[in-house]
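Participant: below is the structure, and that's it, no one-letter string:
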């Protein structure tokens, strides 16, 4: 996911948040987005911390709106 995509979902600037998540080892930073944009991905540490088997275990947006 690119920073722009995260910003769009949150409705706010996410740079500081993403930097913190990278620093904590919960997301990794790579290249490969459109126009060589930075791409953020979850890490194994993220999955372990939240006791997930995989990203499919995360709730979907529609599920969160029901809460």
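Facilitator: Good, I have the coordinates. Bear in mind the structure is a predicted one, so any value in this text is a computation, not a measurement.
Participant: the strands in the chain, which residues?
Facilitator: Secondary structure of the chain, counting by DSSP state E: strands at 27-31, 38-42.
Participant: so which of these comes closest to residue 19?
Facilitator: For these, distance to residue 19 was read as Cβ to Cβ. The smallest value, 9.0 Å, belongs to strand 27-31. C-beta coordinates here come from the backbone N, C-alpha and C atoms, glycine included.
Participant: now for the closest one, which elements pack on it?
Facilitator: Helices and strands touching strand 27-31, as assessed by 3 or more Cβ pairs under 8 Å, 6 or more residues apart in numbering; DSSP states H and E, comprise helix 15-23, strand 38-42.
Participant: where in the protein is pLDDT low?
Facilitator: Where the chain drops to pLDDT under 70, the residues are 62-67.
Participant: same thing but at 50, please
Facilitator: When the per-residue scores of the chain are filtered using pLDDT under 50, no range remains.
Participant: just the helices and strands packed on strand 27-31: most buried one?
Facilitator: strand 38-42 (a mean of 16; mean count of other Cβ atoms under 10 Å).
Participant: packing partners for that one?
Facilitator: In terms of contact count using 3+ Cβ pairs under 8 Å, 6+ apart, strand 38-42 is assigned the packing partners helix 3-10, helix 15-23, strand 27-31.
Participant: quick one on the thing from earlier: quick one: closest of the strands of the chain to residue 1.
Facilitator: Closest among those, using Cβ to Cβ: strand 38-42, at 5.4 Å.
Participant: and the contacts of the closest one?
Facilitator: 1-3, 6, 18, 21-22, 26-33, 55 (Cβ atoms under 8 Å, 6 or more residues apart in numbering).
Participant: of those, select the buried ones using a PyMOL command.
Facilitator: Listed next is the PyMOL selection for buried residues among these, using 16 or more other Cβ atoms under 10 Å:
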select buried, resi 3+6+18+21+26+27
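Participant: state the pair within the contacts of strand 38-42 that is farthest apart.
Facilitator: Greatest spatial distance in the contacts of strand 38-42: 31 and 55, 20.4 Å, computed using Cβ to Cβ.
Participant: how about the helices and strands packed on strand 27-31 in a markdown table, adding distance to residue 59?
Facilitator: Formatted as a markdown table, the entries for these read as follows, by distance: least, Cβ to Cβ, whole Å:
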| stretch | distance to residue 59 |
| --- | --- |
| helix 15-23 | 18 |
| strand 38-42 | 14 |
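Participant: that's all I had, so thanks and see you.
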